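# Next one to model:
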Amino acid sequence: MDATLLSKYDVAAPRYTSYPTVPYWSGDHNVANGWPLQVKDAFKADPQISLYLHLPFCESLCTYCGCNKHITKNHAVESPYIEALLQEWHMYLRILGKAPVIKELHLGGGTPTFFHPDNLRQLLDGILSEAIIPDNADFSFEAHPNSTSREHLQAL
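Numbering: from 1, shown residues only. Predicted coordinates:
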């Protein structure tokens, strides 16, 4: 094995797309004023949206994981995190001005099933109750079998 390759690639790096995506980056990009208008304009052009909700907590580290995660056994982090996600969702709803059509929803992590099923229900109910869900919507979630129960699967 080539040690130079190991040292070259043994670095933390983003695994998912950065937001806003690269085509919207520019030196004169005014996030506070320009970004909400870009979101609204994109929504006018296509009222269907895709959501990725990052649930970054895990009780233990998987050796293969490249996700942005926080290892903890402190489940008191769940409710404040869910509340923050729902606050952000309501911010988007105000920007959009009407209920979006959610064509895709993905829960990733971390380990989404770190969260108690009741908290996952609260999150999903809070998002889905204020959106239009087409019959062909594509929903998915990441899970680890060691932290996923029947109740998790029923909630999701």
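
# May I see the buried residues of the helix or strand harbouring Ala42?
Element membership for Ala42, per DSSP states H and E: helix 31-45. For helix 31-45, a neighbour-count test (16 or more other CB atoms under 10 Å) marks Val39, Phe43 as buried. Quick note: C-beta positions are derived from backbone N, CA and C, even for glycine.

# Give me the mean pLDDT for that helix.
For helix 31-45, mean pLDDT rounds to 79.

# ok, now stretch 68-82?
Stretch 68-82 carries an average pLDDT of 93.

# Which residue lies nearest the spatial centre of this structure?
Nearest to the mean C-alpha position of the chain, by CA atoms, centre = their mean, lies Leu53 at 1.6 Å.

# From start to finish, how long is stretch 70-84 in a straight line?
End-to-end span of stretch 70-84 (CA to CA, to the nearest Å): 16 Å.

# can you check stretch 89-109 too?
End-to-end distance of stretch 89-109 (CA to CA): 18 Å.

# hey, where'd the strands end up in this structure?
Under the criterion DSSP state E, the chain carries strands at the ranges 48-55, 57-58, 70-71, 101-109, 138-141.

# averaging pLDDT over each of those, which comes out lowest?
Of all the strands of the chain, strand 70-71 has the smallest average pLDDT, which comes to a mean of 88.

# Please determine how far Leu53 is located from His90.
From Leu53 across to His90, the span is 14 Å (CB to CB, to the nearest Å).

# ugh, typo on my part, it should be Phe43
The gap separating Phe43 from His90 is 15 Å, by CB to CB.

# Fine by me, thanks again.
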